[in-house]
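Trainee: Okay, sequence plus prediction incoming.
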Amino acid sequence: MTIDKILKDLTDKFGSRVLDITKKSDKRAYVNIYPKDIVEFVRYIFKEAGFRFNTASGVDDFDALEIIYHFSHDASGITVSLRAILEDKQDPHVDTITTITRSAWWIERELHELFGIGFDGNADLRRLLLPDDWPEGVYPLRKDFIPSKRDSRKA
Amino acid sequence: MSHRAHIPIGPYHPLQEEPEFYKLVVEGEKVVDVDVRIGYNHRGIEKISEAKSYDQALFIVERICGICSSSHPIACAMAVEDIAGIEVPERALYIRSICQELERIHSHMLWLGLAGHFIGYNTVFMWAWKYREPICDIFETVTGNRQNYAMHKVGGVRRDIEKEHVPYILKRLDEFTKQLTMLKGAVLDDPVLHERLKGVGILTKEDAIDYAALGPTARASGVDIDVRRDYPYAAYDKLKWNVITRPEGDVFAKTVVRILEMFEAVSIIRQCLDKMPEGPIDAKPKDIPPGEGIGQIEAPRGECFHYIKSDGTNSPVRHKIRAPTYMNFPTFRETVIGETVSDATIILAAIDPCYCCTERMLVVDPGDKKVMDVNELIRLSQEKTAKIREKYS
């Protein structure tokens, strides 16, 4: 498989639902998609194209939140990242991909607690990294979170 | 009355570096459910990194793990190099490969020793930890430090390998190989170990793929992946070595993969020292443009993944770090459930997480108020080995 082949397969299959493609190199590409399409894209890229799920990076872009799902194809050394932009920062949510691969089990829990992103259909969004007494609604990896020297739980 | 008992394991032990908390649910001897809680050592390094310059970020990620203190900086440097399109000088690439392989040997030896201890082979523990000394000495020669090497930077490495050090490195490698060969025979030809570890904690190929397991954990389940070969970085595209895979998926297979990988690692280091060209070791990059980059490398436990987003300033906007244990860890749900408590220790250890967790096991049986601590669990595990050993003697 080459990077052009997988990008062509994606555009053939999903047409205009592929919003934007940034081909960074012969081995790396970033594909922008609508958040509502994530399950279908992941099903295709994980189940049919045989990619491995690396991880998902949450990014706070000030205006919106992004989730970048990284997938790697070990046989050909290609890494494709699917970028879903969540415009609504008050109540960001997206469908879970744990129904397709259990490898997303932990990272969805992590994105939920660190960015406040909801994953519809994922029943197990318990705390993973943050302590149980961490205040609700405080998301440490968002840009508006300023870490203070004082423990916020004392205030 | 339910016959189920909960076994809380962890989260803290002063001797170990990474706390985790497991809850095993057991019925008699059999483990019927597992849950895990991590984050006791969550230091917010991703957030800290956003406030540091790229040069400083490398020192921060070096401290993520005491064992992988070469893997994380290389992955981080590669992500930044990916953003800026920096060409790293060839000599630096070879030095990176050498560091990676030394680290792999070092990590696998530690694992082998602890695995031996858990099943009652304390001699293996003593041997393995002693035999890694030459590797630490080589690290000291190459980088100046036995741990936390401070060797890597964006665009290259900080220190060169002096010509006069090469014979010493080769001599210590010879020493190590001799001891490793002996250890390999002692471990892989022992009928007791075959009986103790074979068929225990099997991770099937399907599960390994679905959980996206990495490194030796995946390779022991027949998933033929290796970042060094599949996404060539450092000098790996110029070297020859074998990717070790085993189809069985049990603890024994994971042991075999790790032991044989150490021989490959020695061979890679020799090739590097032999082929390494003269030249600069640092590309001396100046500015990092806006953009995003990914660094993937094969750490001892599997693929280590760094994603960095830059806005053109001196420090990253976002730095995502995914260590291999993050993916390997959840697989223990498949491997531990249905096994006996005396095997739980070695199965949890087989993915090579950090050991604090297994070091502080507590079995609380609410029925007769029995409390077991880690020593008792390890004793259970060791007794099982002793029984098998008696059968063979």
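Mentor: Nice, I can see it.
Trainee: State the phi and psi torsions of the residue positioned nearest the centre of chain A.
Mentor: Among the residues of chain A, residue A:67 comes closest to the average C-alpha position under Cα atoms, centre = their mean, at 3.4 Å. Here is the backbone geometry of residue A:67 (degrees, to the nearest 10): phi -120, psi 130.
Trainee: in chain B, what secondary structure element scores lowest on mean pLDDT?
Mentor: helix B:356-359 (a mean of 34; mean pLDDT, DSSP states H and E).
Trainee: give the contact list for the residue nearest to the centre of chain A.
Mentor: A:35, A:38, A:56-59, A:83-84, A:86, A:94, A:111, A:117 (Cβ atoms under 8 Å, 6 or more residues apart in numbering or on different chains). No exception for glycine: its C-beta is placed from N, CA and C like everyone else's.
Trainee: For it, give the beta-bridge partners.
Mentor: Residues in a beta bridge with residue A:67, per DSSP bridges, are residue A:58, residue A:84.
Trainee: what does the stretch 101-250 of chain B put close to chain A?
Mentor: B:209-212, B:224-225, B:230-232 (Cβ under 8 Å from any Cβ of the partner chain).
Trainee: Enumerate the residues of chain A near chain B.
Mentor: Within reach of chain B by Cβ under 8 Å from any Cβ, chain A has these residues: A:24, A:27-28, A:30, A:52-55, A:57-60, A:68, A:70, A:72, A:74-75, A:77, A:79, A:81, A:101-103, A:105-107, A:127-131, A:140-141, A:147.
Trainee: Repeat the analysis, applying 7 Å as the threshold.
Mentor: Within reach of chain B by Cβ under 7 Å from any Cβ of the partner chain, chain A has these residues: A:28, A:52-55, A:57, A:59, A:68, A:70, A:74, A:77, A:79, A:101-103, A:105-106, A:128-130, A:140-141, A:147.
Trainee: Could you pick out the buried ones from these?
Mentor: A:28, A:52-55, A:57, A:59, A:68, A:70, A:74, A:77, A:79, A:101-103, A:105-106, A:128-130, A:140-141 (16 or more other Cβ atoms under 10 Å in any protein chain shown).
Trainee: All the helices of the stretch 151-300 of chain B, in order from the start?
Mentor: Here the stretch 151-300 of chain B has its helices, by DSSP state H, counting those that start in this stretch, at B:166-188, B:191-197, B:205-210, B:215-219, B:227-230, B:251-275.
Trainee: So which elements touch the fifth one?
Mentor: With contacts defined as 3 or more Cβ pairs under 7 Å, 6 or more residues apart in numbering or on different chains; DSSP states H and E, the secondary structure elements packing on helix B:227-230 are strand B:291-299.
Trainee: let's see it at 10 Å
Mentor: strand A:65-73, helix B:90-118, strand B:291-299, strand B:302-310 (3 or more Cβ pairs under 10 Å, 6 or more residues apart in numbering or on different chains; DSSP states H and E).
Trainee: Give me the angle between the longest one and helix B:166-188.
Mentor: Helix B:90-118 and helix B:166-188 are oriented at 30 degrees to each other (axes from the mean of the first three to the mean of the last three Cα atoms, to 10 degrees).
Trainee: next one: helix B:90-118 to chain centre, how far?
Mentor: Here helix B:90-118 is found 8 Å from its chain centre; the criterion is Cα atoms, centre = their mean, to the nearest Å.
Trainee: Beyond it, next helix or strand please.
Mentor: Downstream of helix B:90-118, the first helix or strand assigned by DSSP states H and E is helix B:122-131.
Trainee: List buried residues within the residues of the stretch 101-250 of chain B next to chain A.
Mentor: B:209-212, B:225, B:230-231.
Trainee: which one of these is nearest residue B:54?
Mentor: Minimum distance to residue B:54 across those is 21.7 Å, recorded for residue B:231 (Cβ to Cβ).
Trainee: where exactly do the helices run in chain A?
Mentor: For chain A, the helices defined by DSSP state H cover A:3-14, A:38-42, A:105-115.
Trainee: and stretch B:206-221, what's its mean pLDDT?
Mentor: For stretch B:206-221, the mean pLDDT works out to 93.
Trainee: got the buried residues for that stretch?
Mentor: For stretch B:206-221, by 16+ other Cβ under 10 Å, it's B:207-221.
Trainee: among those, which two are most distant?
Mentor: B:210 and B:216 (18.0 Å).
Trainee: one step back: tell me which of the buried residues of stretch B:206-221 is nearest to chain A?
Mentor: Ranked by distance to chain A (Cβ to the nearest Cβ), the buried residues of stretch B:206-221 are led by residue B:212 at 3.6 Å.
Trainee: How about the contacts made by that closest one?
Mentor: A:46, A:51-55, A:71-72, A:101-104, B:218, B:223, B:225, B:302-303, B:326-328, B:330-331 (Cβ atoms under 10 Å, 6 or more residues apart in numbering or on different chains).
Trainee: Can you give me the distance of the residue positioned nearest the centre of chain B to residue B:156?
Mentor: Nearest to the mean C-alpha position of chain B, by Cα atoms, centre = their mean, lies residue B:301 at 3.3 Å. Taking Cβ to Cβ, to the nearest Å as the measure, residue B:301 falls 25 Å from residue B:156.
Trainee: picking that back up, need the pLDDT of the residue nearest to the centre of chain A.
Mentor: 95.
Trainee: Against residue A:48, how distant is it?
Mentor: 21 Å.
Trainee: Check the stretch 51-200 of chain B for the residue nearest chain A and tell me.
Mentor: Nearest residue of the stretch 51-200 of chain B to chain A (Cβ to the nearest Cβ) works out as residue B:82 at 7.4 Å.
Trainee: Who are the contact partners of that residue?
Mentor: Contacts for residue B:82 (Cβ under 10 Å, 6+ apart) come out as A:24-25, A:27-28, B:291-296, B:306-308.
Trainee: Closest one of the residues you listed to residue A:136?
Mentor: residue B:307 (27.6 Å).
Trainee: now that closest one, nearest residue through space, not along the chain?
Mentor: Leaving aside its sequence neighbours, residue B:307 sits nearest to residue B:320 (Cβ to Cβ, 6 or more residues apart in numbering or on different chains; 4.1 Å).
Trainee: neighbours around the one you found, how many?
Mentor: 24 (other Cβ atoms under 10 Å in any protein chain shown).
Trainee: which residues touch it?
Mentor: For residue B:320, the contact set (Cβ under 10 Å, 6+ apart) comprises A:54-59, A:68, A:70, A:107, A:141, B:46, B:49, B:79, B:294, B:305-309.
Trainee: Low-confidence ranges, chain B, go.
Mentor: Confidence mapping of chain B against pLDDT under 70 gives the ranges B:1-2, B:10-18, B:354-374.
Trainee: So residue A:73 is in contact with residue A:29, correct?
Mentor: No: the pair residue A:73 and residue A:29 does not pass the contact test of Cβ atoms under 10 Å, sitting 11.2 Å apart.
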